[in-house]
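Visitor: Okay, structure incoming, though there's no sequence with it:
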């Protein structure tokens, strides 16, 4: 922004005031235009970030619903495995339970992290940002439970593999394996609760963004 001197000499206070007024008006217009451009930039930044967050939410909601549908069968499977292990420990006949496919999800947060790192959330309403923050916190908690679920199932699979290859294990080994299975069963129930909570929050947040 530049302020140019008058093109001709000023001979009166009136001319000086007119020139000063012209400069002032020009400065105000320039500042107003600059502020408008900056406001539009911030608005577009927030809008793009919001659209990316909504897109991420939709994908995460699909995964949460997919896991919700799969968890009842997984809980039943864990009960069957626990029964199998208990029978093997006490010498009772074991009934084969066949193959099974576990469902695993990892909820994404890249859009939210990008909005935070670019400063886009600073140009959103406080209530909106608070809602996103709480939702992504629950997502992070679910992902941590999912990691624990992997570890517990891994410990269970190690036990089943040893039972198959080594035969009779000690009671302590059986009890340790059964605790892992029971813990996985509890984690599955907790995952169900978190998925249900997230599904409701996704629906609420996405409906507010329409």
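Guide: Perfect, I can see it now. Since the model is a prediction, treat every value here as computed from it, not as a measurement.
Visitor: Please make it C-alpha for all contacts and neighbour counts, starting now.
Guide: Noted.
Visitor: Quick check: residue 97 touching residue 80?
Guide: Yes. Using Cα atoms under 8 Å, residue 97 makes contact with residue 80 at a distance of 7.3 Å.
Visitor: Compare these two and say which one has the larger neighbour count.
Guide: residue 80 (15 against 10; other Cα atoms under 10 Å).
Visitor: Quick check: next helix or strand after the lowest-mean-pLDDT helix or strand in the chain?
Guide: The least trusted helix or strand in the chain, going by mean pLDDT, DSSP states H and E, turns out to be helix 13-89, with a mean of 81. Using DSSP states H and E, the helix or strand that directly follows helix 13-89 along the chain is helix 110-118.
Visitor: What are the buried residues along that next one?
Guide: Neighbour-count burial for helix 110-118 flags 111, 112, 115 (criterion: 16 or more other Cα atoms under 10 Å).
Visitor: So which bits of stretch 50-70 are buried?
Guide: Of the residues in stretch 50-70, 50, 52-54, 56-58, 60-61, 63-64, 67-68, 70 count as buried by neighbour count, 16+ other Cα under 10 Å.
Visitor: Just put the residues you listed in TSV and tack on distance to residue 150.
Guide: TSV is the format used below for those (distance: Cα to Cα, whole Å):
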residue	distance to residue 150
50	32
52	29
53	27
54	28
56	24
57	23
58	24
60	19
61	21
63	17
64	16
67	14
68	16
70	15
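Visitor: Quick check: of these, which lies closest to residue 121?
Guide: If you rank these by distance to residue 121 using Cα to Cα, residue 50 comes first, at 8.7 Å.
Visitor: for the record, mean pLDDT for stretch 131-150?
Guide: Mean pLDDT, stretch 131-150: 95.
Visitor: can you check stretch 99-111 too?
Guide: Averaging pLDDT along stretch 99-111 yields 93.
Visitor: what's the first-to-last distance across it?
Guide: End-to-end span of stretch 99-111 (Cα to Cα, to the nearest Å): 37 Å.
Visitor: Pull out the buried residues from that stretch.
Guide: 107, 108, 109, 111.
Visitor: which residues sit in contact with residue 133?
Guide: Residue 133 makes no contacts at all, as judged by Cα atoms under 8 Å, 6 or more residues apart in numbering.
Visitor: got the phi/psi numbers for it?
Guide: Here is the backbone geometry of residue 133 (degrees, to the nearest 10): phi -60, psi -40.
Visitor: how close does it get to residue 56?
Guide: Relative to residue 56, residue 133 is positioned 14 Å away (Cα to Cα).
Visitor: Check residue 123 too.
Guide: 19 Å.
Visitor: Same check on residue 203?
Guide: Residue 203 is 13 Å from residue 56, by Cα to Cα.
Visitor: Ok, residue 139 next?
Guide: Relative to residue 56, residue 139 is positioned 12 Å away (Cα to Cα).
Visitor: Also residue 100?
Guide: 29 Å.
Visitor: Sounds good, over and out.
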